[in-house]
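# Provide a 3D model corresponding to the input given below.
(2 chains)
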2 protein chains.
Amino acid sequence: MQHASPDHSSIPDVVTDASGEKLARAATIGRGVPVLAFDVGGTDIKSALFDADGTALGLRRTPTPVSGGAEGLMERLAELADELKEQHPLVVPEAVGVVVPGIVDAESGIAVFSSNLGWRGAPIRDLASARFGMPVAFDHDVRAASWAERVLGGAREYANSVVLIIGTGIAGALLIDGRPYMAGGYAGEIGHSPIGEWPCPCGARGCLEAVASAGAISRRYAEATGVSIGGAKEVISRVAAGDEVAGQIWNEALDALTLAIAQLTAVIAPDAVVIGGGLSRAGDALFDELRTRLADRLSFHRIPQLVPAELSGNAGILGSALRARDAAEGKA
Amino acid sequence: MQHASPDHSSIPDVVTDASGEKLARAATIGRGVPVLAFDVGGTDIKSALFDADGTALGLRRTPTPVSGGAEGLMERLAELADELKEQHPLVVPEAVGVVVPGIVDAESGIAVFSSNLGWRGAPIRDLASARFGMPVAFDHDVRAASWAERVLGGAREYANSVVLIIGTGIAGALLIDGRPYMAGGYAGEIGHSPIGEWPCPCGARGCLEAVASAGAISRRYAEATGVSIGGAKEVISRVAAGDEVAGQIWNEALDALTLAIAQLTAVIAPDAVVIGGGLSRAGDALFDELRTRLADRLSFHRIPQLVPAELSGNAGILGSALRARDAAEGKA
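Numbering: from 1, shown residues only, chains lettered A, B, ... in the order given. Got it, this is the predicted structure:
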């Protein structure tokens, strides 16, 4: 697949995500048929119309409807689509991409389970096909994001890679021999891979994300000190300032991430682990530490490249649009 | 690929492995071109000529040469081949399979590293091609064994599966979308996936096999009690007889295996984990315990089927022969 050649003169002006310019630059997927794309999250929906140049038009966030289930969501997506088409009447989409969180069986078009959205067995692809009357690409949000990183971002050069998005939780996706690995939607749950014995709200024990997500780092610091702070970023700056509690919590998060990546290394031996999400903005404080600890912990293993994700908050909708292009060409 | 239809009247009479009848029955790979097959281990070489019915002729074990490196090995394989051809002059092999342990880059034909055989970067496929003058299939022994389990054995019904061979150590191989997953030879090292902090002779910390292999169970019992015993099987029978030390060591092995399989479940979500090697002969004492502990440890995850490997000690040479057939057909 062709890589995008971002045209900075056509940067959409509605990109408001915290990571700024780089994110905006990446909001293009290269030339192809126009498509509609949605990235549905637990709290908001990102929507955009991608034109023939691959530029995101009208990219914005709106709240996810709290009721109405999958049907209610379809109504909302149709409204958003109508607004986009009204604003850009000359751009006629030929397919639509819908990506959602949870357990997603992309092959059968079913949203198997989402705790955030309250779904079980929702036939999203069929509902969207009926509603939009055009080919629908339906996928998992993080798998779609990993595909965008593969085509346009940090995983470009790595056929076998693991994409980890470390934010409120930890989500993952596997790219095997250059393609997203499906396994009925159950693969890539690295955030809920057990590596210890502590309780996790999911019901399992020792899940990685309960210690190593940005959300966990921030929450654990607040629990240990009674001080509520602005997020993992602040915990990390307190480490540099000599705060011992912050140091311990950050150390435990790094050890947990190291262990999880060491296991991925032994079992899957990816060429790269591509790390995105809020925690990846810690930069060297994260990446250099993980590299040192991985080398210390392993022996004959082939240690993967650790590289930052490049598409940040937009990876999901870019992946949605890329998959929609595939659907328009009969490939999805 | 076609499944073998074992013809019990043609069971080779030289199969001497401990697991008996089932193993002997499986020593056929179905109809196809005749091939030579070798399974080279650290201590012995299995060799056989497979005829057009897929029956192993002259299957036997002979010692691996201790000196001479890769060239010395080739000489020995050529001698074994000459003997087989002399005994069965009407069976004319069209390709040869060579499988070896260690880190094996099957795609480039290189035995990257083997501590047992003392190799680094040995160009086995080219050496064998020059020596035999016919197409050569070269692969990792456990990956070849997993392929035999996929075609003929316990993994037949599972496109995504992990094969674990638990013996002196723990070796693994991944089948992804029905095919062996390569990753330059570094994938599947589940025995050296870190799950704790204990030292491992490989130089890493917390490797699974240092606690959960049959070899480790037996060694740890001897270390704890001063009593040298006949292997993990005896430790497990002592558990049933109320031996507390045996109970603790077996419990730790089961917990470690459960944790490792739980991680595979979260990350890869295989349809099945196929378990072979000496420890798999513990039967229900192993499989039922692992099923119970996995269900207890996980939550929304899709727990894989845990099934016994079916080809036991012959999986490696059967895989070697299957891969040789592929090579004869220009597929390897």
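# per-domain residue ranges of chain A.
A:8-147+A:313-328, A:157-309 (automatic domain parsing).
# regarding the shortest one, how distant is the last residue from the first?
It stands for domain A:157-309. End-to-end distance for domain A:157-309, by CA to CA, to the nearest Å: 12 Å.
# can you confirm whether that domain lies near chain B?
Yes. Counting by CB under 8 Å from any CB of the partner chain, chain B has neighbours in domain A:157-309: A:160, A:172, A:174, A:176-177, A:181, A:183-184, A:186-190, A:192-195, A:200, A:202-205, A:259, A:262-264, A:266-270, A:297-302. Bear in mind the C-beta positions are built from the backbone N, C-alpha and C, glycine included.
# pLDDT on that domain, on average?
Mean per-residue pLDDT for domain A:157-309: 96.
# distance between that domain and the chain's centre?
On the basis of CA atoms, centre = their mean, to the nearest Å, domain A:157-309 sits 14 Å off its chain's mean C-alpha point.
# swap in stretch A:311-326?
10 Å.
# thinking again about what came up before, which of the residues of domain A:157-309 next to chain B are buried? Put it as a ChimeraX command.
Per 16 or more other CB atoms under 10 Å in any protein chain shown, the buried members of the residues of domain A:157-309 next to chain B correspond to this ChimeraX selection:
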select /A:160,172,174,176,181,183,184,186,187,188,189,190,192,193,194,195,200,202,204,205,259,262,263,264,266,267,268,269,270,297,298,300,301,302
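# what's the closest non-adjacent residue to A:Ile29?
Closest residue in space to A:Ile29, ignoring its immediate chain neighbours: A:Gly54 at 4.1 Å, by CB to CB, 6 or more residues apart in numbering or on different chains.
# buried stuff in whichever strand or helix holds A:Ala262?
Here A:Ala262 is covered by helix A:244-267, with elements defined by DSSP states H and E. With burial defined by 16+ other CB under 10 Å, the residues of helix A:244-267 counted as buried are A:246-247, A:249-250, A:252-267.
# residues in contact with the residue nearest the centre of chain A?
Nearest residue to the geometric centre of chain A (CA atoms, centre = their mean): A:Val142, 3.7 Å. A:Val142 makes contact with A:Pro101, A:Val163, A:Ile165, A:Ala171, A:Gly172, A:Ala173, A:Gly188, A:Gly316, according to CB atoms under 8 Å, 6 or more residues apart in numbering or on different chains.
# and the contacts of the helix or strand encompassing A:Tyr221?
Element membership for A:Tyr221 (DSSP H and E) is helix A:214-225. For helix A:214-225, the surrounding residues in contact (CB under 8 Å, 6+ apart) are A:166-169, A:209-211, A:227-236, A:238, A:245-246, A:249-250, A:253, A:277-279.
# out of those, list just those in helices.
With helices taken from DSSP state H, the overlap with the contacts of helix A:214-225 comprises A:209-211, A:232-236, A:238, A:245-246, A:249-250, A:253.
# and those residues, which is closest to chain B?
Closest approach to chain B among the ones in helices among the contacts of helix A:214-225 (CB to the nearest CB): A:Glu209, at 10.7 Å.
# the closest one: neighbouring residues, count only.
Residues within reach of A:Glu209, counting by other CB atoms under 10 Å in any protein chain shown, total 26.
# with A:Thr43 instead?
By the criterion of other CB under 10 Å, A:Thr43 has 9 neighbours.
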